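Sequence first, predicted model second:
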Amino acid sequence: MLIFAVIVVVSGALIVGALWGLYGRLPSWLEGNLLAVAGGALMISVVIELVQPAVTDSGVWITAAFALLGAVVFASVDYLLDEKLDADGGSGLLAAITLDGIPENLALGVALISGNVMQVAALAGSILLSNLPEAAGGAKEMRRNGASNKKVLMLWVGAAALLSLAAILGKILLKNVDDAVISAINCFAAGAVIASLSTEVFPTAFKRSNHWAGISTTIGLILALALNQLGG
């Protein structure tokens, strides 16, 4: 029952965010600040929830290798979308959420195995903080570039379904998997998150909210840190 509640909250945030981006009327500066909050939340979550445990379980070199792999994969796909397929920024954010979300939700599924409700809440909360404004910004950018509301919404619904499946598979298939494999998945996710922050999230947040983005990023970091302490 817990896994379905978590999936509804985390993946449902993508659909709610897309609806917000398509039909909401928030000022651009506010959207930028919310995106910065999401970036700050992801920043601390990458270190505490993904990288730090991987260093403990598998060592620095394995952590570095798979984090770099995640960054390279995300950067390569993002490059193809932007430069070769002429995709818009909204598609970039969709790619960002999908690429880092799949291994991230696999890790969430693994957390569900332990049955630690507070730990699951901390990780799910960090993902939720990032999914909602990112989906809103991505959906709005896609609409601005000519995509219909229906097409945009279906794309984000598809992403939500894919990430939900990742969480379910993480709980079912990784139940008895060695910690080294879990560490590799987490590190890949970390690399993809870092790449998405630097190329999609923070540039967009700064463009919309200017120097206030730095303050909002710190607020997001503090919120995610508080969630982590709650989970501990």
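Ah, there it is.

now for the host helix or strand of Met154, which elements pack on it?
For Met154, the host element (DSSP states H and E) is helix 149-173. If you count contacts as 3 or more Cβ pairs under 8 Å, 6 or more residues apart in numbering; DSSP states H and E, helix 149-173 packs onto helix 2-23, helix 89-114, helix 117-144. For the C-beta atoms, the positions are set from N, CA and C on the backbone; glycine is no exception.

Name the next helix or strand downstream of that helix, please.
Following helix 149-173 toward the C-terminus (DSSP H and E): helix 179-196.

what is the rounded mean pLDDT of that next one?
For helix 179-196, mean pLDDT rounds to 83.

returning to what we had before: nearest to Leu174, of the helices and strands packed on helix 149-173?
Distance to Leu174, taken as Cβ to Cβ, is lowest for helix 89-114 among the helices and strands packed on helix 149-173, at 5.2 Å.

re the thing from before, just the angle between the helix holding Met154 and helix 179-196, please?
Angle, helix 149-173 to helix 179-196, by axes from the mean of the first three to the mean of the last three Cα atoms, to 10 degrees: 160 degrees.

what residues does helix 149-173 touch?
Contacts with helix 149-173, where a contact means Cβ atoms under 8 Å, 6 or more residues apart in numbering, come from 3, 6-7, 10-12, 14-15, 17-19, 22-23, 90, 94, 97-98, 101-103, 105-110, 112-113, 135, 138-139, 142-143.

Give me the buried subset of those residues.
3, 6-7, 10-11, 14-15, 17-19, 22, 90, 94, 97-98, 101-103, 105-110, 112-113, 135, 138-139, 142-143 (16 or more other Cβ atoms under 10 Å).

Lowest-scoring secondary structure element of the protein by mean pLDDT?
Within the chain, no helix or strand scores below helix 89-114, which has a mean of 70 by mean pLDDT, DSSP states H and E.

gap between Thr204 and Leu163?
21 Å (Cβ to Cβ, to the nearest Å).

no wait, Lys171
13 Å.

which of those two has more neighbours?
A count of neighbours by other Cβ atoms under 10 Å puts Leu163 above the other of Lys171 and Leu163, at 25 against 21.

so what's the more buried one scoring on pLDDT?
For Leu163, the predicted pLDDT is 85.

separation between it and Leu108?
Following Cβ to Cβ, the distance that separates Leu163 from Leu108 is 9 Å.

overlap in contacts of these two?
Shared contacts of Leu163 and Leu108, defined by Cβ under 8 Å, 6+ apart, comprise Val10.

Show me the shaky parts of this structure.
1-2, 82, 84-93, 96, 100, 113-119, 122-123, 230-232 (pLDDT under 70).

ok, now which ones touch the closest residue to Gly70 other than its chain neighbours?
Among residues not flanking Gly70 along the chain, Gly191 sits closest, at 2.7 Å (Cβ to Cβ, 6 or more residues apart in numbering). By Cβ under 8 Å, 6+ apart, Gly191 lies in contact with 66-74.

mind checking how far the helix holding Met154 is from the chain centre?
13 Å (Cα atoms, centre = their mean, to the nearest Å).

Could you check that helix and say which residues are buried?
152-153, 155-156, 159-160, 162-168, 170-171.

just stretch 218-232 next, same as before
220-221, 223-225, 227-228, 231.
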